[in-house]
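Peer 1: Just need the structure, nothing else, for what follows:
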Amino acid sequence: MADVNSDGKMDKGEFCIAMALIQRRLQGTELPAVLPSSLLKEAGGAAAAGAGFGIGSSATLPPSMYI
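Peer 2: Purely as a prediction, here's the structure:
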């Protein structure tokens, strides 16, 4: 689900999405059938665009994204 561009690899944005999903599951929340758009926005939108966070770029993630 976190590999939004289905390339078999995770960029940093997709990794953040995966970690957020894992965190939610560990807290007892059921995973959605479809990736919520809010997770794409929280990851800086890079995963939605299929672009990785390049060298020198960054995304500000809310504390809820961290374990």
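
Peer 1: mean confidence for stretch 35-49?
Peer 2: The average pLDDT within stretch 35-49 is 69.

Peer 1: Mind telling me what element Arg24 is part of?
Peer 2: helix 12-26 (DSSP states H and E).

Peer 1: who's in contact with Ser38?
Peer 2: By C-beta atoms under 8 Å, 6 or more residues apart in numbering, the contact list for Ser38 is empty. The C-beta positions use only the backbone N, C-alpha and C, and glycine is treated the same way.

Peer 1: ok, 10 Å please
Peer 2: Ala20 (C-beta atoms under 10 Å, 6 or more residues apart in numbering).

Peer 1: quick revisit: C-terminal to the helix holding Arg24, which secondary structure element comes first?
Peer 2: Using DSSP H and E, the helix or strand that follows helix 12-26 in sequence is helix 37-42.

Peer 1: packing partners for the helix holding Arg24?
Peer 2: Packing contacts for helix 12-26, counted by 3 or more C-beta pairs under 10 Å, 6 or more residues apart in numbering; DSSP states H and E, involve helix 37-42, helix 46-49.

Peer 1: in that helix, what's buried?
Peer 2: Under the neighbour-count criterion of 16 or more other C-beta atoms under 10 Å, helix 12-26 has 12-21 buried.

Peer 1: Dump those to TSV, plus pLDDT and distance to Ser37.
Peer 2: As requested, the buried residues of helix 12-26 are exported to TSV (pLDDT from 0 to 100; distance: C-beta to C-beta, whole Å):
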residue	pLDDT	distance to Ser37
Lys12	89	19
Gly13	89	13
Glu14	90	15
Phe15	92	18
Cys16	90	15
Ile17	91	11
Ala18	92	16
Met19	92	18
Ala20	90	13
Leu21	92	14
